[in-house]
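[1] Quick one, structure for this:
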Amino acid sequence: MKAKLGISVGYGVTIPDSELTEKVSLSGGPGGQHANKTSSRVTLSWNVVESDALGPNQRQRLMSKIGGRLTKAGVLQINVDTHRSQHANRETARERLAEVVHAALVIEKRRKATKPTRGSQKRRVESKRRRSEVKKGRGKVKE
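    You can find the predicted model right below:
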């Protein structure tokens, strides 16, 4: 089996394993004896501020997009306790970290302002005229 060199995020960014910190702890919630005695929850931490994997523009984009998920020190933490096994939780945490960072590095296309078409303007005015006629017909009945 090959040794992992890091988490490939895309956009030319690979987070090296040396920048990741992993902690395991007891998983909360129901589960009986297994949950009470095995450390299966995985907390994966990555310091965005001090990372060498990001360029200055990428770091700025990441900080602005996921700033609410970062600690005061600029650390992104991913907690996973969905699986019974520590190994599965570790893999899920790495996948979630890659998804979060990848989504934050996407550059959205700028919206180009467009004018309404002549046909849509005519349809709008016509529907307003019809609606006005309907409302005019709701007056008092003259006898």
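[2] drop to CA atoms for contacts and neighbour counts, all remaining ones
    OK.
[3] which sections of this structure are below the confidence cut-off?
    By pLDDT under 70, the low-scoring segments of the chain are 1-4, 31.
[4] next one: phi and psi at the residue most central in space within it?
    Centroid-nearest residue in the chain: residue 100, 5.2 Å away (criterion: CA atoms, centre = their mean). Main-chain torsions, residue 100, degrees, to the nearest 10: phi -60, psi -50.
[5] Same check on residue 7?
    Dihedral pair for residue 7: phi -110, psi 120, per degrees, to the nearest 10.
[6] need the contact list for it.
    14, 15, 16, 17, 94, 98 (CA atoms under 8 Å, 6 or more residues apart in numbering).
[7] Just list whatever residues bridge to it.
    residue 15 (DSSP bridges).
[8] got it, and residue 21?
    The partner list for residue 21 in beta bridges (DSSP bridges) reads residue 45.
[9] and the residue nearest to the centre of the chain, how far is that from residue 62?
    Separation of residue 100 from residue 62 (CA to CA, to the nearest Å): 9 Å.
[10] swap in residue 19?
    From residue 19 to residue 62 the distance is 16 Å (CA to CA).
[11] returning to that earlier point: and of the contacts of residue 7, the nearest to residue 129?
    Ranked by distance to residue 129 (CA to CA), those are led by residue 98 at 54.1 Å.
[12] Quick one: classify that closest one as helix, strand or coil.
    Following DSSP: H, G, I helix; E, B strand; the rest coil, the label given to residue 98 is helix.
[13] and it, how many neighbours does it have?
    By the criterion of other CA atoms under 10 Å, residue 98 has 19 neighbours.
[14] That one reaches residue 11, doesn't it?
    No: counting by CA atoms under 8 Å, residue 98 stays clear of residue 11, with 11.4 Å between them.
[15] any chance of the contacts of residue 7 in CSV, with distance to residue 35 too?
    As requested, these are exported to CSV (distance: CA to CA, whole Å):
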residue, distance to residue 35
14, 33
15, 31
16, 31
17, 28
94, 22
98, 27
